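A.B. asks: Give me coordinates for this.
(chains A and B)
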Amino acid sequence: MKRIGIDVGGTNTDAVLIDGEAVVCATKTFTTPDVTSGIKKALAEIVTSAGSAIEGVDAVMIGTTHYTNAVVERRNIGRAAAIRISLPASASLIPFCDWPSELSAKVNGGTYLVHGGHEYDGRPVVPMNEMEIVEAARAIRRDGVNAVAISATFSPLTAECEIRAAEIVKNEHPDAHVTLSSALGRIGLLERENVALMNASLIGLADEITRAFSSAVSESGLNASLFITQNDGTVARAELARDYPVFSFASGPTNSMRGAALLTGIKHAMVCDVGGTTADVGCLINGFPREANNVVEVGGVRTLFRMPDLLSIAIGGGTIVSEDASKIGPQSVGYRLGHEALVFGGKTLTCTDIAVAAGLADVGDKALVQNLDKAVIDAALETVHLRLAEAVDRMKTDATPVPLLAVGGGAMLIPESMAGISEVVHVEHESVANAVGAAIAQISGETDRIYRDMDREDAIESARENAIDNAVKAGADSETIQVIEVEDLPLSYLPGRAIRARVRVVGEARSTPQ
Amino acid sequence: MAGLALRTPNQTHRVLTADDVEALAIGAWILGTGGGGDPYHKLLNMRQLYARGHTVTLIDPMSLESDASVAVVSNMGAPIVGQERLSDPEFSARPVRMMEQYLGRKFDAVMALEIGGGNGLQPLLIAALTGLPVVDADTMGRAYPEAQMTSVAVGDLRCFPFAMADIRDNEVIIPRAESWTWMERISRKACTEIGSVAATCKAPRTGAEVKKHGILYTTSKAIRLGETVLAARRAHADPIEAVLEAAHGKLMFTGKVIDVERRATEGFLRGNAVIEGLGNDSGSKLVVHFQNEFAVAYKDGEPVVMTPDLICLLDSVSGEGIGTDIIRFGQRVSVLALPAPPVFLSPKGLEAVGPRAFGFDIEFSSVFDEALS
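C.D. replies: Next up is the predicted model:
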C-alpha cells in the first residue's frame, strides 16, 4: 500500500509518501492563502524526491485543521441562521444560548423558533407552522445570511419536519445552503443544533477548501483518489466531506496522534502536537487517541461528536508575541509566518522567532532576531512552557509518569521536562507526524437502516455485518475491523416491531488489493 | 441529626450563589442514579435567571412553621424526552400556580420531589421566578421513577391533590386518588399521552410533614458532593475517589459500555446497559437494568447491587454522572454504590422501592453492612 498523506494546517502544509508503515519521503512547506498552490508545491516535492517510488500510489489522504482553527480563532467563519421547529416547547433556551458570547456574536445570523416537531412516539407535537418558516426564510434572505441550520424536536426519529422546512427555505431563499440537524447528530436537541449551526457557519470555507484540494490533486498528475480525513481517524470521499466540514473537525490532531504512535512505536503516551496556530494535547491508548467520553466542547460549544479527547490551546509557531512578551496569542500569523515572522524578514514577533533566538530552532535568518531582548525571550518561553505543561497536566488522568511524544512543526517549543512526564520523546519526521497519520487513516463502514419484525439482537447483528461489508468494499482489511459505534432506536410509531440500527466499524487499509 | 443542634439561626436561610447552583447540578446528577433528567438544561436556565438578577434562597426545613404550605415539584416522564424538549422555567412553574388556584392559598416554600438529576434543580427554577424559598430537603434522597417511591408515601401521607401541565394548553388536576399507586397509574397515563414529559406539583405538604417525613438536607448534600467533584478536578485528583469518600460509597465495577438497550414505554425509559470490565474487573461483565433510574446490577449473572442502594454510573475520567438517557457504547464508566436513605430500608420502604417493586424477584441485600444515617 502506497499512499500520500497531506496535512494542511493554518501555517504549514506537510506531505509524506508512505509505503506500508515506512516513510519514503517527507516535505514541509508553508500553507498558501489559496491553499491549492501550497498543496501543489508539496505534492511536486514529494513526486520529485520519491523518484520511481511514486509508482503505485493510489490514494491521497488530506487532513486539515482549517475548520477547527476557524472556530478556535473565530475567523473565516460565516454567519448562520437557526430555524428550530420546537414551539411551544423549548422556548427559554434559544439557539446559541450556550455558545461563548464572542463566538455567537460572529456566527449568529438570526434565530427563529417555529411551531412543530415530533414526540418521541412519532406524533406531531403540534402541526408544523409552514407560514412561520416562510417568514423566517424571508427574513434570513433579507439579512443576507446564506447558511441555515434547521433543527426539530426528535428529528433523529423522524426528519419529516426538517426536510419539509428545508424545501420551504430553498424555495424562498434559493442561495441558502441548508444543514439539517438530523443528518449530523443523535438525540439531544441543543447539542445537535449546535453541530448543525457550526457546520452551517463553516460551509463557505469547506466549499473553498475542498475545491482547492481537488484541483491540486488533479493537477499533480497523480492518478489517485482524494480522501479527506475525519474526526475518528477514518477517511471520506471529498464530495461528501464538502457538505459536512464538522466531520473533519478534529482530524488534524487525530492524525498527528496516530502518526506519533507509528513513528515512535510508543503506544501509551501523552502527545503534544504544536502546529503553527494551536497546540493539541491528547492521550494515546494502545496507539489510538483516547476518545472523549461525553459531551465534547469545540471552541467552547457543546457537541455530541465522537472525537479524540483533546485540549487545544492557542500556542503554535505562528502565535503572535507582544513586544514585551506580556501577551502571547491567541492570534497567529498563520500561513503568513513565512514573510511576517522576524526571522523571515517580517515585522511580527512570533513564537518561531522566540525559538530561533533561544537557539531551539534554526529556520529563516537568525541574524534578524539577534537584537531581541534576552528578558523578552526568556519571559516568552517561560509563558509558552507553562501553558503547554498546564495543558498536558490537565489531560493526564492519573499520576503515573508517562512519556510525552513531541510532534508538529512547533515541537521545539515543548519544554524538555515536565511534571508527571517520564521523558519527552522526539523522533525523525516528528514535524510531519500529522501527514503520516493522514496517510495511515483507517477505512470505515457504516450502516443506518430501519429493521422490521426482527429481534433487536438480530437487527444489530445484521447491521454489523452490513457495516463490515461496506468497510471491506471500501478497502478495509477484514482482519483488523473493530466496531466503534452501535446505536439503536426503537421506533414505536411504526407498525410491528421496528428498530433503527446504526453501526459504524473501522479497519486498517488493506495493503494488497483483494 | 446530631449536627442539627449546632446550627445557628443565621444558618437557616442561605442565598445560593451561582457557584452553589453549578455544584448542585453536578451533585444532583450523581444522586440521580441515572435518572431525574440531565440537569444541564435546567442549569442553563438558572444561569440565565441569575444573569437577569434573580436569586434563590435555601431554607433549613427545621425552620418551617408547622402549618407552612410547601409545594413538592418535579418533572415527570421519560428522561430521554428531556433531551429533545428543553426545560423552560415558565412551564415548570405552571402547575404550582394551578395548585395555588385550586387550593385558594399561596405556597410558603417549594421543595424537590427528588434531589436526583434535573429534578433537584426544578424547585430552584420555580423559586427564581416566584421568589419562594427552596426547602433543603426532598422525598427520595435520590431519584425514583414512580410516585409511591417516596418517603412521604412510605409515611402514608395523603397523595392528593395533584397538578400537571403540558406545553400545549392542557392542564390536569387530580383532586383525589385512592392510593399513591393509583395516583401514579392515573397521572402516568396522562403524562404518556402528552408526550411522556410533564411539569407537576404533587400533593402539598405542611411544614410539620416535611420535618417529620422529608429526607432532610439533601440539597446542601448535593451541593457539597458537586463541590467535591469540582475540587478533585481542579486538583487533578481522581473524582471517583472523591465521590466515594464524600458520599461513603463503594466502587462496584469499572469498565466500558458495550451495549445499551433502551426503550421509552408507558411513560418510562426502560432497558439495560452491558459493561465489560477493565482493570481489576477485566474478564467480567456487569449488566445494569434501569427504569428511568438504575435499579439492579448483575455481575456475571449474580445480582451485586440493587435499589434502594444507589447505583451511580460516573464517567471514569471526569466523575460526571451518566444518565440512562445518554449512556452509550464505548463510554468508560465507574459503577458506584451509595447508601440508601434509612426510610427505604424498613419493610415498608423496601416494599415501595426494593428490587421487587421494579419486577426483579430477588431479596434485597445491601452492599453496606449497616445503614449509615
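A.B. asks: going forward, measure contacts and count neighbours with C-alpha atoms only.
C.D. replies: Noted.
A.B. asks: what's the distance between the most centrally placed residue in chain B and chain A?
C.D. replies: Residue closest to the mean C-alpha point of chain B, counted by CA atoms, centre = their mean, is B:Gly116 at 2.1 Å. Taking CA to the nearest CA, to the nearest Å as the criterion, B:Gly116 is separated from chain A by 19 Å.
A.B. asks: ok, B:Met306 to chain A distance?
C.D. replies: B:Met306 is 25 Å from chain A, where distance means CA to the nearest CA.
A.B. asks: so what's the closest residue in space to that residue that isn't next to it in sequence bridging to?
C.D. replies: Excluding the flanking residues, the one nearest B:Met306 by CA to CA, 6 or more residues apart in numbering or on different chains is B:Val296, at 4.2 Å. On the basis of DSSP bridges, B:Val296 is bridged to B:His289, B:Met306.
A.B. asks: burial count for B:Val296?
C.D. replies: Using other CA atoms under 10 Å in any protein chain shown, B:Val296 has 25 neighbouring residues.
A.B. asks: Show the contacting residues for the residue nearest to the centre of chain B.
C.D. replies: With contact set as CA atoms under 8 Å, 6 or more residues apart in numbering or on different chains, B:Gly116 has these partners: B:Ala28, B:Trp29, B:Ile30, B:Leu31, B:Gly32, B:Thr33, B:Gly35, B:Gly36, B:Gly141, B:Arg142, B:Ala143.
A.B. asks: Would you check that the fifth one makes contact with B:Pro145?
C.D. replies: Pointing back at B:Gly32 there. No - using CA atoms under 8 Å, B:Gly32 makes no contact with B:Pro145, being 10.5 Å away.
A.B. asks: Quick check: neighbours shared by these two?
C.D. replies: Counting by CA under 8 Å, 6+ apart, the contacts common to B:Gly32 and B:Pro145 are B:Glu293.
A.B. asks: between the two, who's got more neighbours?
C.D. replies: Between B:Gly32 and B:Pro145, counting by other CA under 10 Å, B:Gly32 is the more crowded of the two (36 against 25).
A.B. asks: Distance of the residue nearest to that one when sequence neighbours are not counted relative to B:Leu24?
C.D. replies: Nearest residue to B:Gly32, sequence neighbours excluded (CA to CA, 6+ apart): B:Gly116, at 3.5 Å. Distance check for B:Gly116 against B:Leu24: by CA to CA, to the nearest Å, it reads 10 Å.
A.B. asks: tell me which residues in stretch A:440-451 are buried?
C.D. replies: Neighbour-count burial for stretch A:440-451 flags A:Ile440, A:Ala441, A:Gln442, A:Ile443, A:Ser444, A:Gly445, A:Glu446, A:Thr447, A:Asp448, A:Ile450, A:Tyr451 (criterion: 16 or more other CA atoms under 10 Å in any protein chain shown).
A.B. asks: again with stretch B:182-198
C.D. replies: Within stretch B:182-198, judged by 16+ other CA under 10 Å, the buried ones are B:Met183, B:Glu184, B:Ser187, B:Arg188, B:Ala190, B:Cys191, B:Thr192, B:Ile194, B:Gly195, B:Ser196, B:Val197, B:Ala198.
A.B. asks: ok, which pair from the buried residues of stretch A:440-451 is furthest apart?
C.D. replies: Checked with CA to CA, the buried residues of stretch A:440-451 reach their widest spread between A:Ile440 and A:Tyr451, with 34.2 Å between them.
A.B. asks: what distance separates the helix or strand hosting B:Met98 from the centre of its chain?
C.D. replies: Using DSSP states H and E, B:Met98 sits within helix B:89-103. Centre-to-centre, helix B:89-103 and its host chain are 20 Å apart (CA atoms, centre = their mean, to the nearest Å).
A.B. asks: Give me the contact list for the next helix or strand after it.
C.D. replies: Downstream of helix B:89-103, the next assigned helix or strand under DSSP H and E is strand B:109-112. The contact list for strand B:109-112 (CA under 8 Å, 6+ apart) reads B:68-74, B:119-123, B:126-127, B:132-139.
A.B. asks: What's the mean pLDDT across strand B:109-112?
C.D. replies: Mean per-residue pLDDT for strand B:109-112: 98.
A.B. asks: who in the stretch 351-500 of chain A is up against chain B?
C.D. replies: A:Asp393, A:Arg394, A:Lys396, A:Thr397, A:Asp398, A:Ile484, A:Glu485, A:Val486, A:Glu487, A:Asp488, A:Leu489, A:Pro490 (CA under 8 Å from any CA of the partner chain).
A.B. asks: residue ranges with poor pLDDT in the stretch 101-250 of chain B?
C.D. replies: Scanning the stretch 101-250 of chain B for pLDDT under 70 picks out no residues.
A.B. asks: what are the ranges of the helices in it?
C.D. replies: Counting by DSSP state H, counting those that start in this stretch, one finds helices in the stretch 101-250 of chain B at the ranges B:122-130, B:151-154, B:180-193, B:207-213, B:218-234, B:239-246.
A.B. asks: could I get those as TSV with distance to B:Val353?
C.D. replies: Shown next, in TSV, are those (distance: least, CA to CA, whole Å):
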stretch	distance to B:Val353
helix B:122-130	23
helix B:151-154	10
helix B:180-193	12
helix B:207-213	16
helix B:218-234	19
helix B:239-246	23
